[in-house]
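A.B. asks: coordinates for the following, if possible.
(one chain, ligands or ions: 1)
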Amino acid sequence: MVSQESLYSLPIESLTKEQAAIELERLSKILAHHDYLYFQLAKPEIDDETYDALANRNRMIEKRFPELRRADSPSLRIGASPALEFKKVRHRRPMLSLDNAFSEKDVEDFHVRICKFLNLPSNTEIPMLAEPKIDGLSASLHYQKGEFTLGATRGDGSVGEDITTNLKTIRNIPMRLTGENIPENLEIRGEVYLQRDDFIRLNEIRVSNNEEPFANPRNAAAGSLRQLDSKVTAKRPLRFFAYYYEALSGTNDSTQQQILETLKQWGFSVNPDVQLCNHQNELASYYNRMVNLRAQLPYEIDGVVYKVNDLSFQERLGSIGRTPRHSLAHKFTAEQAETVLENIIIQVGRTGVLTPVAILKPVSVGGVIVSRASLHNDDEIARKDARIGDHVIVQRAGDVIPQIVKVVLEKRFPHSVPFHFPTECPVCGSEVIHTPGEVAKRCSGGFVCSAQAIEKLKHFVSRDAFDIEGLGDKSLQGFYQDEFIASPADIFTLEKRSDQLHNREGWGAQSVSKLFEAINKKRAISFDRFIYALGIPQIGQVTARALARHYITYENWYQHIFIAKDIASESYQELLAVDGVGSGIAKDLILFFENENNLKILEQLTQNVVINPWHEEEKGNSQISGKTIVFTGTLSSMSRPEAKARSERLGAKVTSTITQKTDYLVAGADAGSKIKQAASIGTKVLSEQEWLDLIQ
Ligand code: IVH
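C.D. replies: Next comes the predicted model:
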C-alpha cells in the first residue's frame, strides 16, 4: 500500500480560500475513489490511517472555511446534526412492491400471464434476469447532474421520508457519479442492508453497552436508517445494492441487464449473483442454486426476483394495482411454523443472568425440528404477551436461534394468564435483582447458587485471583458435586477434613499433600487480588485495584462499603470518587454486601486467609512506574489488553492517543501514523523488544 499523505501536506492555516476550494474538491474526489476501491472492488490501495488522515484534512479545511463545504463532502459520511423530523417526499413514480410466488406453478403462471398480455403464444421464451431478493429496505436516490441530492424511504409507496443525510453516511453510495452518459435527472432504486457479520458485531457492541440487540439484520438496518441523528447511522455499517434506475432522458439501455451494467459504471454496487435466463426452465435452476448458496452469502436474502429483461416489454406490461406485471418475487419457503408454547423456563447462566426459554411442541421449521426458542428477557415476553398454552409462530432465520414471531391470538385459551417473571431464582431461591440500566435480571445468590457457584469458584482460584495451582476445573467440579467445597472458604478448611479426601479416586497421599501445599502457599493475598477474586459483577482487575489503592486495607473497605449502603452517606460519595466506579458498579458492590451469604463467606475467608494491605512498592521500582504509554501496531509476545494490564500493574498509565504527556510509544508490527506523530512531538518510540527489556 502506498502512503499518499505526503502529497497533501500544505498547512491548513496557510491555505487561501481559492486553494482551499481546490483542495476540498480534490479531497472529495480522492476519497470517493478510495471508497470505490474499497467497497466496489474490495481492493483498497491505501491503509485506514492514510484514509482517516485525508478525511481529517478535509474536515479541518471545512472547519476553517465552512462556506466551502461541498454537497458531496466526504465529511457527510460521518453524519450531520440531528434532525427534528423527517420531511415527506412524494415519489415521482410510486415505489411498487412485488407479486410473490411460492411454488414453481406460480412461476409458470407468471410466464403464461406475460405471454397472454403481450399476445404471444404461451410457450414463447421470454428472457428474464434473475436476481437475489435482498432482505433489506428499499430506498430511492436522486442525482442531479451526477450529484446525490435527495434520498428517500419507500414509505407507503407514494410518499416516503427524506433520509438524505442518513443515506450519505453509507459508504458505497456514491456522492457523485462517475463514468459516461449520466442523465441530468436520475433516480436510482435499490436496497439498503446490513451484512451478517456486521450485524453480529453491531449486536455484540449493543449487548456490551446494555442495549437491546436487534432481532435480525433487516430490523437493524431499518432502525439504523430511521435515525434522526445521522451520526448514529454513520456508525452502522450499512451497504447499498442498486437494482434499477429511471431517467427522464439520456440513456439508451434496453434491458435490465444493461441497466445493471450502467449502474456499475456510474459507481454503484450491483449484486454479483444475477443471471440472465433465456429459457423458462433456467429460472428453477437459478432458484435452486440460490437456495443452496443462501447460507453462504454474506447478507440475507429471502427469495429471488425474476424480471422481464427487455425494457420495452416491461413498459408494455405496466403494473396492476401496486405490483408490476413484469417482475415476480419467488420467495424461499418460509422458515416459519405454528406450534404450541408449552412452557417458559428460566435458565440461570454462569454470571447469574436469568434467561427465559420457550419450550415448544416440537415442529419442523424449514426442515429442522425446533423445540425451544429464545425469549431474550422479560420485556420481550411482555411485549409479545406470550403465555403458556398459546399458539405461536416460530421462525428460524439461517442458523440463528429460533425466535417466536408472534402469538396467534385467535387461538388463545380463554383462561390463559400473562407470564410472571420469577422474583426468586429458580435454581437457588435467592432474590432476583434488576440493576437499573441493565437489560437482564440477575440472581443475587452468588456462591449459593449452584448455577453460578462453580464458575465463581473457578474464578476465585484463577491465576489473577488466588492463583491456586493444584485446583483445576475438574477437581473443583468434583469437590463441588461431592459437597467438599461449596464456597471459597471451604478451600482453606479442606485440610481439616482431609480424611474424607483420602478415599477419593485419583487422590493418592502424594497428590493430596501437594494440593494442600499449593493451598497453604496462598493463605496470604494482596488486597486487590482478594477483591477481584470475589467475582463481584462488573468488578474486574482494574476496578479491584482502584478500590484497593483507595481503601488500603480490607477492614477499612468493609466498613466504608457497609456505610455506603446509605446513598446519602459520605462513604457513598467517596465510593463514587474511586477511579472507574460509577453508580452501576457501586450498586453491584453494595448488593454484594447486602447478601447475608456473602457476608458469611467474607467472615469465613478472613478467618482463614491474610489479606495484605495495598502497597505501591512493587510499582515504584519498575522502570515504567508513573510513565504514560501508548501502544500501536500488533505485538507478537502478547495481546494489547495484556500489555496494557501489565503496564498498569507496574504503575504506568496506558492511553490511546499521543499527547505531550506521552513518555513512550511502543510500536508493534504494522504500526501506522502514530510513529510520525510521536517523532514530531519528541515522544520516545520503543520497539516491542525494547519495551520487553524495560519491563523485565
Ligand atoms: S425490484 C416493484 N429487485 O423487494 C418493486 N426488489 O416486494 C421493484 N427487493 O420493495 C423492486 N431485492 O425492497 C427488486 N433485486 C431486487 C430486490 C428487490 C430486494 C425488495 C425491494 C422491494 C421488495 C418487493
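A.B. asks: and this protein, which residues reach the ligand?
C.D. replies: Contacts of the chain with the ligand, taken as Cβ under 6 Å from any ligand atom, map to 96-98, 131, 133-134, 138, 154, 191, 243, 305, 324, 327, 329. For glycine as for every other residue, the C-beta is placed from the backbone atoms N, C-alpha and C.
A.B. asks: relative to the ligand, which residue of this structure is the closest?
C.D. replies: Ser138 (3.2 Å; Cβ to the nearest ligand atom).
A.B. asks: SS state for that residue?
C.D. replies: Secondary structure, DSSP: H, G, I helix; E, B strand; the rest coil: Ser138 is strand.
A.B. asks: shouldn't Val304 be within a strand?
C.D. replies: Yes. Under three-state DSSP, Val304 sits within a strand.
A.B. asks: can you check the pLDDT for the residue most central in space within the chain?
C.D. replies: Centroid-nearest residue in the chain: Leu202, 1.9 Å away (criterion: Cα atoms, centre = their mean). On the pLDDT scale, Leu202 is placed at 89.
A.B. asks: isn't it up against Leu194?
C.D. replies: Yes. When contacts are counted by Cβ atoms under 8 Å, Leu202 is listed as touching Leu194 (7.2 Å).
A.B. asks: what is in contact with these two at once?
C.D. replies: 220, 236-237 (Cβ atoms under 8 Å, 6 or more residues apart in numbering).
A.B. asks: now those as JSON lines including neighbour count?
C.D. replies: Output for the shared contacts of Leu202 and Leu194, formatted as JSON lines (neighbours: other Cβ atoms under 10 Å):
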{"residue": "Ala220", "neighbour count": "22"}
{"residue": "Arg236", "neighbour count": "20"}
{"residue": "Pro237", "neighbour count": "16"}
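A.B. asks: so which of those residues sit within helices?
C.D. replies: Ala220 (DSSP state H).
A.B. asks: looking at the shared contacts of Leu202 and Leu194, which is nearest Phe86?
C.D. replies: Arg236 (16.9 Å; Cβ to Cβ).
A.B. asks: ok so Phe592 is a helix residue?
C.D. replies: Yes. Using three-state DSSP, the secondary structure at Phe592 is a helix.
A.B. asks: from the residues of the chain next to the ligand, keep the buried residues only.
C.D. replies: Among those, those that count as buried by neighbour count (16 or more other Cβ atoms under 10 Å) are 96, 98, 131, 133-134, 138, 154, 191, 243, 305, 324, 327, 329.
A.B. asks: reformat the residues you listed as CSV; add pLDDT and secondary structure.
C.D. replies: Shown next, in CSV, are these (pLDDT from 0 to 100; DSSP: H, G, I helix; E, B strand; the rest coil):
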residue, pLDDT, secondary structure
Leu96, 92, coil
Leu98, 94, coil
Glu131, 98, strand
Lys133, 96, strand
Ile134, 95, strand
Ser138, 95, strand
Arg154, 94, coil
Glu191, 98, strand
Tyr243, 97, strand
Val305, 98, strand
Pro324, 94, strand
Ser327, 97, strand
Ala329, 96, strand
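A.B. asks: longest helix in this structure, by residue count?
C.D. replies: Under DSSP H, the chain gives helix 17-35 as its longest helix.
A.B. asks: please name the residues that touch Leu360.
C.D. replies: Contacts of Leu360 by Cβ under 8 Å, 6+ apart are 339-342, 370-373, 392, 394.
A.B. asks: filter the residues you listed down to the buried ones, ChimeraX style.
C.D. replies: Here is the ChimeraX selection string for the buried members of these, based on 16+ other Cβ under 10 Å:
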select :339,340,341,370,373,392,394
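A.B. asks: and the least confident of the contacts of Leu360?
C.D. replies: Least confident entry in those, by pLDDT: Val370, with 83.
A.B. asks: just checking, next helix/strand downstream of the host helix or strand of that residue?
C.D. replies: In this structure, Val370 sits in strand 368-374 according to DSSP states H and E. Later in the chain than strand 368-374, the nearest helix or strand by DSSP H and E is helix 378-384.
A.B. asks: pull out the buried positions in that following helix.
C.D. replies: 378, 380-381, 384.
A.B. asks: now the helices for the stretch 151-300 of the chain?
C.D. replies: Remark: helices assigned in the stretch 151-300 of the chain by DSSP state H, counting those that start in this stretch are 164-168, 196-208, 217-225, 230-234, 256-266, 281-293.
A.B. asks: hmm, I was thinking of the stretch 1-150 of the chain
C.D. replies: 17-35, 48-64, 104-117.
A.B. asks: could you check how far the shortest one is from the centre of its chain?
C.D. replies: Using Cα atoms, centre = their mean, to the nearest Å, we find the averaged C-alpha position of helix 104-117 to lie 43 Å away from the chain's own average C-alpha position.
A.B. asks: quick check: buried residues in it?
C.D. replies: 107, 110-111, 113-114.
A.B. asks: what's it packed up against?
C.D. replies: The contact analysis (3 or more Cβ pairs under 8 Å, 6 or more residues apart in numbering; DSSP states H and E) places helix 104-117 against strand 99-101, helix 281-293, strand 301-308, helix 311-317, strand 327-331.
A.B. asks: rerun at 7 Å
C.D. replies: On a contact count with 3 or more Cβ pairs under 7 Å, 6 or more residues apart in numbering; DSSP states H and E, helix 104-117 meets strand 327-331.
A.B. asks: what's in contact with the strand it packs on?
C.D. replies: 98-102, 107, 110, 133, 287, 302-307 (Cβ atoms under 7 Å, 6 or more residues apart in numbering).
A.B. asks: redo that, cut-off 8 Å
C.D. replies: For strand 327-331, using Cβ under 8 Å, 6+ apart, the contacting residues are 98-102, 106-107, 110, 133, 283, 287, 302-308.
A.B. asks: same thing with stretch 541-550?
C.D. replies: 464, 526-532, 539, 557, 578-581, 585, 614, 616, 645, 648.
A.B. asks: using PDB, write out every CA atom in it.
C.D. replies: Coordinates of the C-alpha atoms in stretch 541-550 are reproduced here as PDB (Å, rounded to 0.1, in the frame of the first residue of the first chain):
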ATOM      1  CA  GLN A 541      -8.900  -6.400  37.900                       C
ATOM      2  CA  VAL A 542      -8.700  -2.700  37.100                       C
ATOM      3  CA  THR A 543     -11.600  -1.700  39.400                       C
ATOM      4  CA  ALA A 544     -10.400  -4.100  42.100                       C
ATOM      5  CA  ARG A 545      -7.000  -2.400  42.000                       C
ATOM      6  CA  ALA A 546      -8.600   1.100  42.100                       C
ATOM      7  CA  LEU A 547     -10.600   0.100  45.200                       C
ATOM      8  CA  ALA A 548      -7.600  -1.400  46.900                       C
ATOM      9  CA  ARG A 549      -5.500   1.600  46.200                       C
ATOM     10  CA  HIS A 550      -8.200   3.800  47.600                       C
END
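A.B. asks: okay, buried residues for that stretch please.
C.D. replies: Under 16+ other Cβ under 10 Å, the buried positions of stretch 541-550 are 541, 543-548, 550.
A.B. asks: in helices, which of those residues fall?
C.D. replies: 541, 543-548, 550.
A.B. asks: can you count the residues close to the nearest residue to Ser673 once chain neighbours are set aside?
C.D. replies: Using Cβ to Cβ, 6 or more residues apart in numbering and skipping the chain neighbours, the partner closest in space to Ser673 is Glu49 (4.6 Å). Glu49 has 16 neighbours, counted by other Cβ atoms under 10 Å.
A.B. asks: what pLDDT does Glu49 get?
C.D. replies: pLDDT, Glu49: 85.
A.B. asks: can you check Ser569 too?
C.D. replies: For Ser569, pLDDT reads 92.
A.B. asks: ok, now Lys619?
C.D. replies: So Lys619 comes in at 52 (pLDDT).
A.B. asks: oh, and call the first residue 279 from now on, that's how I've got it
C.D. replies: Yes, from this point I'll number from 279; that puts the last item at Lys897.
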